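In: Below: sequence and its predicted model.
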Amino acid sequence: MYEVSREVFYVIVGIPLLAVLGYVMVVLLAFNLFGFLTLGIFLLLVALAVDSLKTDGEPPARINCSECGAPNEPDRDQCKHCDVPLEPAAD
C-alpha cells in the first residue's frame, strides 16, 4: 500500500471508527457495562494505529529463488519452497 493511500485510509476509516468506539466506550463506562473491556480494546486499537504509522515503508530484503521465483530471507541457504540452493545476492 502506498503511503498516501494509507494516510487517506486512516482519515476516511480510522478516525470515524475511533470516534464511534470512543463514544461506545464512554456510554459503557457510564453504565458500567463491560466498560473496562471496551476501554482495553479501544486503547489496543489506538496503540496499533500509532505503531503502524511508525513503519518506514521499506519492504524487508529478499532473495528470489532462481528455479521457482519464491521470495526467501537473505540468510537462507536453500529455497523454502523447492529446496534448491540459493545463490547469494550480488551487492
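Out: Perfect, thanks for sending it. Bear in mind that the values here come from a model prediction, so they are computed numbers and not experimental data.
In: what are the ranges of the strands in the protein?
Out: 63-64, 71-72 (DSSP state E).
In: neighbouring contacts of the first one?
Out: With contact meaning C-beta atoms under 8 Å, 6 or more residues apart in numbering, strand 63-64 is reached by Ala70, Pro71, Asn72, Glu73, Pro74, Arg76, Leu86, Glu87, Pro88, Ala89. C-beta coordinates here come from the backbone N, C-alpha and C atoms, glycine included.
In: Pick out whichever of those sits closest to Leu43.
Out: Within the set of these, Glu73 lies nearest Leu43; the separation is 33.4 Å, counting by C-beta to C-beta.
In: What residues of stretch 42-57 count as buried?
Out: In terms of neighbour count (16 or more other C-beta atoms under 10 Å), stretch 42-57 has its buried residues at Phe42.
In: quick one, what contacts Leu45?
Out: Shown in contact with Leu45 (C-beta under 8 Å, 6+ apart): Leu18, Leu21.
In: how near is it to Val20?
Out: Look at Leu45 and Val20: by C-beta to C-beta, to the nearest Å, they are 11 Å apart.
In: Looking at this structure, which helix is longest?
Out: Looking only at the chain and at elements set by DSSP state H, the helix with the highest residue count is helix 35-53.
In: residue ranges of the helices in the chain, please?
Out: Counting by DSSP H, the chain has these helices, from start to end: 3-9, 15-31, 35-53.
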